[in-house]
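A.B. asks: no sequence on this one, just coordinates:
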């Protein structure tokens, strides 16, 4: 396995150009609700407080900050609540569940960040915004829904839900039947202007949670929610481009992206040029259900802006910001320069 030597901090050159570079940080909903957790509000708040500790690290380093969180486990909780209460309260739609969790998770993160900033005498305001994201009503994902969401059901209950609610149900890995929904590409983030305004006033912003609430445009120009979920990394990449972020960070479950992951010849990739990232993606090195969407989002951002994406895990974030861990997705020119520098 190739090991990289110590590198220069990846933000050093940015600080020479602008007073306060902008970082967009995306992380999954399991940061607040892990598989081993019971999922109580108190437990999720403690997880949010842990997140606040490392998010404030960006403020210490002189960044303006936008936070984008996932919400997969939390949406699953809401769908279970809907199912259990279906005889008493009419079930809501999936876009409604996304909006609910964007609000509740935004609340927990804002609470934790405000308290951490106050404890460290950093006088910043924090704003959590409900974010609508426009998708194409004709996106191929709507014709062939494939994204599993929510709880597992018996075959009998799945058939009832298909018949009575029109849900599409598929068997998932021998564990039961789950609802599958579309995961369309994000086209436009509504409310980017207010995010810019808040950043311009020195505020820390939480936006695009769960990939945002999916909506489509009607012929008359109005918008309407749709049954779908949007990949939060793709929304984060789009938001990063709209905001002209200097650094886009995707936090995942491994310290570095690997080639041949899980095999005897697996190899760490400390720096990955754009062309090589595309080549490895096309060869199936990054599976669709795990690293694939993150690499795709990184490619989109680097190709559109020429700037950098950092992929790492929470435990190695500080080291990654110092160039000692993580994977940087960069332009081919930057990758060549890094290779020459050793």
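C.D. replies: Cool, the structure landed. The structure displayed is predicted, hence computed values, not measured ones. Residues are numbered from 1 along each chain as shown.

A.B. asks: And for residue 100, the neighbour number?
C.D. replies: The local packing of residue 100 (other C-beta atoms under 10 Å) involves 19 other residues. For the C-beta atoms, the positions are set from N, CA and C on the backbone; glycine is no exception.

A.B. asks: Name the nearest residue to it, sequence neighbours excluded.
C.D. replies: Once flanking residues are discounted, residue 100 sits nearest to residue 78: 5.7 Å by C-beta to C-beta, 6 or more residues apart in numbering.

A.B. asks: my guess is that neighbour contacts residue 103, does it?
C.D. replies: No: contact status for residue 78 versus residue 103: not in contact, 11.1 Å apart, counting by C-beta atoms under 8 Å.

A.B. asks: the more surrounded of the two?
C.D. replies: Counting neighbours by other C-beta under 10 Å for residue 78 and for residue 103 shows that residue 78 has the greater number, 22 against 12.

A.B. asks: and the host helix or strand of the more buried one, which residues are buried?
C.D. replies: Assessed by DSSP states H and E, residue 78 sits inside helix 72-84. Of the residues in helix 72-84, 72-79, 81-82 count as buried by neighbour count, 16 or more other C-beta atoms under 10 Å.

A.B. asks: Please produce CSV containing the residues you listed, extended by distance to residue 207 and pLDDT.
C.D. replies: Shown next, in CSV, are the buried residues of helix 72-84 (distance: C-beta to C-beta, whole Å; pLDDT from 0 to 100):
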residue, distance to residue 207, pLDDT
72, 18, 86
73, 20, 85
74, 17, 91
75, 18, 90
76, 22, 84
77, 22, 88
78, 20, 91
79, 23, 85
81, 25, 90
82, 25, 88
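
A.B. asks: follow-up on the earlier one: now do the helix holding residue 78: which elements does it pack against?
C.D. replies: Helices and strands in packing contact with helix 72-84 are listed as helix 94-119, strand 147-153; criterion 3 or more C-beta pairs under 8 Å, 6 or more residues apart in numbering; DSSP states H and E.

A.B. asks: Any idea which of those gets closest to residue 67?
C.D. replies: Distance to residue 67, taken as C-beta to C-beta, is lowest for helix 94-119 among the helices and strands packed on helix 72-84, at 6.6 Å.
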